[in-house]
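Student: sequence first, predicted coordinates after that:
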Amino acid sequence: MRRLFPVTDQTAPRPGDTPPGGAEAGPVGGPPATDTADREWSLQELAAAYAYPEPGPGGREPWLRANMVTTLDGAAQHEGRSQPISSAADMRIFGTLRGLADVVLVGAETVRQEGYRPARARAAFAGLREAAGQAPAPAIAVVSAGLDLDFSWPLFTSPLVPTLVLTGAAAAPDRVAAAERAGARVLIAGDGMGVDPARAVRALADLGMTRLLTEGGPRLLGQLIAAGVLDELCLTVSPMLTAGDAQRIAGGPSVAVPERFGLVSLLEEEGFLFGRYRRT
């Protein structure tokens, strides 16, 4: 893996460096590229690169980041799942982002399509999480209006950290009761059937879960963007073309004015690009 941005002493060209392909093999209008940092990064290095912002004078405020993957032609999935457009490096970053988070926010449809299971404790992050006062693994928080979920799944019956279910006040009482019988904790974050994204973020923060990560899907991410609560996007660009009519990373109604995010860092491995973008 190589760091492409920001430029550091590892990525800046040095006298005598010759990049693969010769001296002309660099970005147009920029210095020749080098592969001096082209190696597999450790989980510790990735954790440092993807660390959440430090608390401010008033304490730690909620910070919601999304982690998504897209192909060159804009597909967020292939045949309904993200795994076919992912890579080993993408999964390392996926695991790192989970290892840093208090809670993973995910839509019910993605839970069904991807076969979500409880997050697991990872030895590599145990010390870091303990020092940060975090549980051994992040909780999974499922956003669902209708609670059309199979509560016999391990996600609900045998998680290391109890699974949360975010729904609206008008959710069917029998489905709420079924979720609670399975061991899930139900949080009301909307006045009707749906979930208000800002209330969902606040409900999780009230439980001490301020390092938030969402893995989508596209419908949920679109709602978070429209509500203006997304602080950061970690986006993997997969060097693949799929055509077809797959969803983009975010769906739903468009925002009135496009929101600008700034590039924080850019990594590369085997043609996959791993960008971090923050609200400007």
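Tutor: Thanks, I have it.
Student: helices along the stretch 51-200 of the chain, start to end?
Tutor: Listed in chain order, the helices of the stretch 51-200 of the chain (DSSP state H, counting those that start in this stretch) span 88-100, 108-114, 123-131, 154-157, 173-181, 197-206.
Student: relative to Leu164, which of those is closest?
Tutor: Leu164 lies closest, by CB to CB, to one member of those: helix 197-206, at 7.5 Å. Quick note: C-beta positions are derived from backbone N, CA and C, even for glycine.
Student: neighbouring strands - and their directions - for the next helix or strand after the closest one?
Tutor: As assigned by DSSP states H and E, the chain's next helix or strand after helix 197-206 is strand 211-214. Neighbouring strands of strand 211-214 in its sheet, by DSSP bridges, are strand 63-71 (parallel), strand 103-107 (parallel).
Student: what mean pLDDT does the helix or strand that comes right after strand 211-214 have?
Tutor: Per DSSP H and E, the first helix or strand lying C-terminal to strand 211-214 is helix 218-226. Averaging pLDDT along helix 218-226 yields 96.
Student: next, the angle strand 103-107 makes with helix 218-226.
Tutor: With axes from the mean of the first three to the mean of the last three CA atoms, to 10 degrees applied, the angle from helix 218-226 to strand 103-107 works out at 110 degrees.
Student: contacts for helix 218-226, please.
Tutor: 64, 66, 68, 76, 105-107, 109-110, 143, 195, 197, 214, 230, 247-253, 255, 259 (CB atoms under 8 Å, 6 or more residues apart in numbering).
Student: between it and helix 197-206, how big is the angle?
Tutor: Using the same axes, to 10 degrees: helix 218-226 against helix 197-206 is 90 degrees.
Student: and the helix or strand following helix 218-226, which strands flank it?
Tutor: Downstream of helix 218-226, the first helix or strand assigned by DSSP H and E is strand 232-238. Taking DSSP bridges as the criterion, strand 232-238 sits next to strand 63-71 (parallel), strand 272-279 (antiparallel) in its sheet.
Student: after strand 232-238, which helix or strand is next?
Tutor: Using DSSP H and E, the next helix or strand after strand 232-238 towards the C-terminus is strand 261-269.
Student: which parts of that following strand are buried?
Tutor: Using 16 or more other CB atoms under 10 Å as the burial criterion, the residues of strand 261-269 that qualify are Phe261, Val264, Ser265, Leu266, Leu267, Glu268, Glu269.
Student: what is the nearest of these to Gly133?
Tutor: Val264 (25.1 Å).
Student: the most centrally placed residue in the chain bridge partners, please.
Tutor: Nearest to the mean C-alpha position of the chain, by CA atoms, centre = their mean, lies Asn67 at 2.4 Å. With DSSP bridges as the criterion, Asn67 is bridged to Cys234.
Student: now do the contacts for it.
Tutor: For Asn67, the contact set (CB under 8 Å, 6+ apart) comprises Ile93, Phe94, Leu97, Leu213, Thr214, Glu215, Cys234, Thr236.
Student: most neighbours, which of these?
Tutor: When the contacts of Asn67 are compared by neighbour count (other CB atoms under 10 Å), Thr214 ends up highest, at 28 neighbours.
Student: once you drop chain neighbours, what's closest to that one?
Tutor: What sits nearest to Thr214 in space, not counting adjacent residues and going by CB to CB, 6 or more residues apart in numbering, is Leu105, at 4.2 Å.
Student: I figured that neighbour hits Ala200, correct?
Tutor: Yes. The pair Leu105 / Ala200 is scored as a contact, 7.2 Å apart, by CB atoms under 8 Å.
Student: between the two, which contacts overlap?
Tutor: The contact lists of Leu105 and Ala200 share Ala141, Val143, Leu166, where a contact means CB under 8 Å, 6+ apart.
Student: and the last one, what are its bridge partners?
Tutor: Read that as Leu166. Counting by DSSP bridges, Leu166 is bridged to Val143, Leu187.
Student: for it, give its distance to Ser265.
Tutor: Remark: distance between Leu166 and Ser265 (CB to CB, to the nearest Å) = 30 Å.
Student: just say which of the strands paired with strand 211-214 is most tucked in.
Tutor: Comparing those by mean neighbour count (mean count of other CB atoms under 10 Å), strand 103-107 comes out on top with a mean of 24.
Student: please state the offset of that one from the chain centre?
Tutor: Distance of strand 103-107 from its chain centroid, counting by CA atoms, centre = their mean, to the nearest Å, is 9 Å.
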